[in-house]
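[1] return a 3D structure for these sequence lines:
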Amino acid sequence: MPVINRVADMQADITEWRRDLHRHPELLFDVHRTAASVAEKLKAFGCDEVVPGIGRTGVVGVIRGRKPANGSGAKVLGLRADMDALPIEEQTGLAYASTTSGKMHACGHDGHTAMLLGAARYLAETRNFAGTAVVIFQPAEEGGGGAREMVKEGLMERFAIDEVYGMHNYPGLPVGQFAIRPGPMMAAADRVYIDVEGIGGHAAKPHQCIDTVLVAAQIINQIQSIVARNVDPIESAVISICQFHGGHADNVIPQTVSLRGTARSLVPEVRDLIERRLGEVVEGTARLYGATARLTYRRDYPVTRNNAEKTVFAAEVAATVAGPGRVDTETPPVMGGEDFSFMLEKRPGAFIFVGNGDSAGLHHPAYDFNDDVIPVGVSYWVRLVETALPG
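    Next up is the predicted model:
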């Protein structure tokens with residue numbers, strides 16, 4: 001049961017939707033054009049309900065099957081796609097490149113949205129299932145926690161969702177292949193803020209100052225010892241300092257410096273260790289130089305943890321589309337973060353990768369979603385619903 005013929009026939013339309021979204025990227029919760037386009041299409045497809053404004057700018061469509069339920073009753077399946085883009089200047093040179101300076105779909109959310117729209121169109125036409133499919137279009141995955149906001153507003157309860165599934169494209173994995181694993185699939189993603197204060201002054205008189213640039217540099221170096229020397233080598237962890245802000249002149253030692261970064265982990269014990277040791281290293285290193293430093297550690301996205309039973313099910317469905325031996329069920333965890341984790345904390349389900357082929361990496365200015373993935377991803381969504389909700 002490979003790619004569905006009707007889905008293959010829809011590829012040109014879905015590609016057009018995808019490229020329109022690509023031309024008009026929007027950030028975080030400010031996805032008003034995208035959400036309006038999604039809602040308009042869902043209504044045109046004949047969805048039983050179309051509900052905008054959940055999680056500020058999220059959109060939900062409800063499609064009820066026409067088959068009678070077997071057994072104890074019909075389930076409700078949630079399928080989620082993310083809609084937001086990234087604050088990156090596109091460098092693809094494509095005819096459908098971003099028309100908005102400084103914004104681009106560099107993570108493939110345009111493809112995710114288009115594929116779920118394609119699945120919604122097919123499911124609304126055929127309704128060859130018993131139960132309900134709920135298509136979830138979420139804003140603000142890229143750092144805004146849109147899934148968290150939709151969950152807070154009662155997404156799961158309002159639509160009586162029993163299970164929830166997500167999908168993300170994966171550069172480097174061949175088109176037509178899938179990858180998944182039970183348990184931790186993607187890392188917890190936490191925010192690290194470090195503020196250093198010393199004594200500013202003339203750059204020619206460093207002996208009269210406490211040099212915050214030097215202190216901050218030493219803090220960055222010492223932080224790397226946490227993963228190297230405190231975390232069990234069998235476990236996974238990442239701490240990256242990605243911003244260094246200090247000073248406004250080339251002859252003035254600044255009074256303050258701020259550092260910003262991220263910490264990633266896969267298990268609660270390592271997450272706790274990182275937070276504790278960061279505080280100790282930051283404060284202790286600053287004290288050695290006579291400065292002070294304050295750590296603010298914000299726990300953001302939880303670990304994206306796949307339910308074991310639903311992972312097996314998702315992999316079996318993917319194999320019906322991809323074929324034997326084309327679903328990796330033991331793919332290594334990824335240290336990137338994903339706010340679909342908030343949905344998986346509320347309902348059992350699974351998050352799967354679909355191959356994007358030999359493309360630039362995610363969050364790269366030359367990245368583009370591969371439109372050849374469309375029939376594969378849409379077929380996966382359709383088969384997931386029809387298999388999980390048989391009549």
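[2] all strands of the stretch 201-350 of the chain, in order?
    Read by DSSP state E, counting those that start in this stretch, the stretch 201-350 of the chain holds these strands, from start to end of the chain: 201-202, 237-246, 252-253, 256-265, 292-301, 304-306, 327-328, 349-355.
[3] what's downstream of the last one, the next helix or strand?
    This points to strand 349-355. Moving toward the C-terminus from strand 349-355, the first helix or strand encountered (DSSP states H and E) is helix 374-388.
[4] buried sites along stretch 348-366?
    Applying a neighbour-count criterion of 16 or more other C-beta atoms under 10 Å, one finds 348-357, 359, 362, 364 buried in stretch 348-366. (C-beta placed from N, C-alpha, C; glycine too.)
[5] strands along the stretch 51-200 of the chain, start to end?
    With DSSP E, counting those that start in this stretch as the criterion, the stretch 51-200 of the chain has strands at 58-64, 76-82, 132-138, 163-170, 178-179, 183-186, 188-197.
[6] and the longest one, average pLDDT?
    Mean pLDDT, strand 188-197: 98.
[7] for that strand, packing partners?
    Secondary-structure packing of strand 188-197 (3 or more C-beta pairs under 8 Å, 6 or more residues apart in numbering; DSSP states H and E): helix 212-229, strand 237-246, strand 256-265, helix 268-288, strand 292-301.
[8] try it again with 6 Å
    helix 212-229, strand 256-265, strand 292-301 (3 or more C-beta pairs under 6 Å, 6 or more residues apart in numbering; DSSP states H and E).
[9] in TSV: these, plus mean neighbour count.
    TSV is the format used below for the helices and strands packed on strand 188-197 (neighbours: other C-beta atoms under 10 Å):
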stretch	mean neighbour count
helix 212-229	18
strand 256-265	21
strand 292-301	16
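[10] quick revisit: of all the strands of the stretch 51-200 of the chain, which one is nearest L384?
    Proximity to L384 (C-beta to C-beta) singles out strand 163-170 among the strands of the stretch 51-200 of the chain, at 6.2 Å.
[11] partner strands of the closest one, with direction?
    Paired neighbours of strand 163-170 in the sheet (DSSP bridges): strand 76-82 (parallel), strand 349-355 (parallel).
[12] between these, which one is closest to A319.
    Among these, the nearest to A319 by C-beta to C-beta is strand 349-355 (11.3 Å).
[13] which residues touch that closest one?
    Contacting residues not belonging to strand 349-355 are listed as 163-170, 173-175, 177-180, 185, 304, 306, 310-311, 314, 340, 373, 377 [C-beta atoms under 6 Å, 6 or more residues apart in numbering].
[14] again with stretch 176-184
    Counting by C-beta under 6 Å, 6+ apart, stretch 176-184 makes contact with 173, 266, 303, 305-306, 308, 311, 315, 318, 322, 326-331, 333, 352-355, 376, all of which sit outside it.
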